[in-house]
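Participant: need a structure here:
(one chain, ligands or ions: 2)
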Amino acid sequence: MKIGVIADDFTGASDIALMLRSNGMNARQFVGVPTTDFGEVDAGVVSLKSRTCPIEEAVSNSLSACDWLLEQGAEQIVLKVCSTFDSTPEGNIGPVAEALAERLGEPVVLVCPAFPANGRSVFQAHLFVGDKLLNQSGMQNHPLTPMTEPDLRKVLKPQTSWEVSNVPFSVVCQGAEAIRDSMPASKQMVIVDAIQNQDLMEIGAAAKGRKLLVGGSGIAMGLPANFGTTVEGNDWEGKQGKALILSGSCSIATRGQVELYRQTADGAVLELKADQMIAGAYAAKEIADWAVAQDTAPMVYSSADPGIVKKAQAKFGREEIASAFEQFFSQLACAFVDAGGERLIVAGGETSGAVVEGLSVAAMDVGPEIAPGVPALSVVGTDTVLALKSGNFGEPNFFKQALAVLGGENARSQ
Ligand SMILES: Nc1ncnc2c1ncn2[C@@H]1O[C@H](COP(=O)(O)OP(=O)(O)OP(=O)(O)O)[C@@H](O)[C@H]1O
Ligand SMILES: O=C(O)[C@@H](O)C(=O)CO
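Facilitator: Ligands and ions are numbered 1, 2, ... in the order given. So this is what the prediction gives:
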């Protein structure tokens, strides 16, 4: 293994696995730290559910993943965080990055969440989503990690005892050597500006030999070139069996995708409501049986507008309602696969984590791209194919595209 990735959520893990594969590395996504040997890969991506869990748990799981990746021979570790830098004021990005840097003996940590293909850019350490600052992008309403500050120095500083600084675009646009020369010598987390893919390629070249990087999948774009790896053609195969769409993401893009799919799904949709969920009114097995009996791929969703989410959180508690939905989606996915379902499309990182853990998946191979940051995946050793969609990724007709690609067709023709 050349590059080891510790991803703080499951959709993020498949996002960076796709990025590494598209740029010349064989990559495999693991669910937690593997306990069996899956053979040699250039890049191993360990998916954790550490974005919103208690800090001590996030640190300890990330260190275990790091140790395992080092044992596999990884020369460089990437902590994959969200391209919208999702974290609470306490963490978990800062504490995990600091613990990993100390474990690896790395005094300087490059931090860059930019992902231009999905509209995320960093300028003067401020994170933009399209033409909006992070705190005006809709992320201020996120159910678990509301992002109300666009200056990443101010987001990261309260999370770490290290200094936090910025390498501005005026340096980045001069290329890899200028970026390398601008690196401090002492303990620092350095937020590096990046606006376009070319900047990420230069940052990747500048990062050659660094033991730890922190960022969105964009930070991995220029890394495979440092190792001179290449990949053979993709032998990934789709499945034509029963499909189910599960959406627990309340992000703006997902809500648009849910609405569009709802209009075209011939009624095969079921909205889960918070009151009924808490009252235990939904039965996973019954809904799974209904799902496999449909002619078109059904969609089960809890995606709701910020006002509805806030009310549910005030009534039941933020963690309680989130975990009730996550547990239910996980049970439903298991019941659907038990009932013979083959294709699962899941929207939302936390939701995807719950589903994949519930299915007891150990490893996934990366197939073709459905949308930037979202690959088709196949669960190693089973007939299940999956798409794990980050909340804000994908075009309005994402679900239709995903059904096609998981079925072995081309997304662009949808
Ligand atoms: N109607 C709802 N009311 C309250 N919470 C909800 C509701 N529907 C979903 N949730 C919770 O909101 C959280 C959404 O997070 P999730 O990571 O799945 O989506 P996302 O944040 O949009 O995706 P990503 O992390 O990939 O950007 C989940 O914990 C989910 O259980
Ligand atoms: O970086 C992103 O935005 C995604 O891969 C993700 O992590 C969303 O959960």
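
Participant: Could you chop this protein up by domain?
Facilitator: 3-227, 243-406 (automatic domain parsing).

Participant: Could you dump those into TSV and include mean neighbour count?
Facilitator: No exception for glycine: its C-beta is placed from N, CA and C like everyone else's. Output for these, formatted as TSV (neighbours: other CB atoms under 10 Å):
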stretch	mean neighbour count
domain 3-227	21
domain 243-406	21
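
Participant: Tell me which of these approaches ligand 1 most closely.
Facilitator: domain 243-406 (2.3 Å; CB to the nearest ligand atom).

Participant: does ligand 1 sit close to the closest one?
Facilitator: Yes: applying CB under 6 Å from any ligand atom, one finds domain 243-406 touching ligand 1 at 248-251, 254, 274, 302, 304, 309, 312-313, 321-322, 325-326, 348-351, 390-392.

Participant: For my notes, confirm residue 143 occurs in a helix.
Facilitator: No: secondary structure of residue 143 (DSSP: H, G, I helix; E, B strand; the rest coil): coil, not part of a helix.

Participant: Helices of the stretch 1-150 of the chain, start to end?
Facilitator: For the stretch 1-150 of the chain, the helices defined by DSSP state H, counting those that start in this stretch occupy 10-22, 55-71, 93-104.

Participant: export the domains of the chain to JSON lines and tack on mean pLDDT and distance to ligand 2?
Facilitator: As requested, the domains of the chain are exported to JSON lines (pLDDT from 0 to 100; distance: least, CB to the nearest ligand atom, whole Å):
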{"stretch": "domain 3-227", "mean pLDDT": "96", "distance to ligand 2": "3"}
{"stretch": "domain 243-406", "mean pLDDT": "95", "distance to ligand 2": "3"}
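
Participant: okay if I get those domains as JSON lines plus distance to residue 235?
Facilitator: Shown next, in JSON lines, are these (distance: least, CB to CB, whole Å):
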{"stretch": "domain 3-227", "distance to residue 235": "12"}
{"stretch": "domain 243-406", "distance to residue 235": "9"}
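
Participant: hang on, the earlier thing: can you list the helices of the stretch 1-150 of the chain in TSV and add distance to residue 264?
Facilitator: Shown next, in TSV, are these (distance: least, CB to CB, whole Å):
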stretch	distance to residue 264
helix 10-22	24
helix 55-71	39
helix 93-104	38
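
Participant: out of those helices, which comes closest to residue 205?
Facilitator: helix 10-22 (15.7 Å; CB to CB).

Participant: Where does residue 294 sit: helix, strand or coil?
Facilitator: Judged by three-state DSSP, the three-state class of residue 294 is coil.

Participant: Now do the same contact list for the residue nearest to it when sequence neighbours are not counted.
Facilitator: Nearest non-adjacent residue to residue 294, counting by CB to CB, 6 or more residues apart in numbering: residue 268, 4.4 Å away. Contact partners of residue 268, counting by CB atoms under 8 Å, 6 or more residues apart in numbering, are 294-299.
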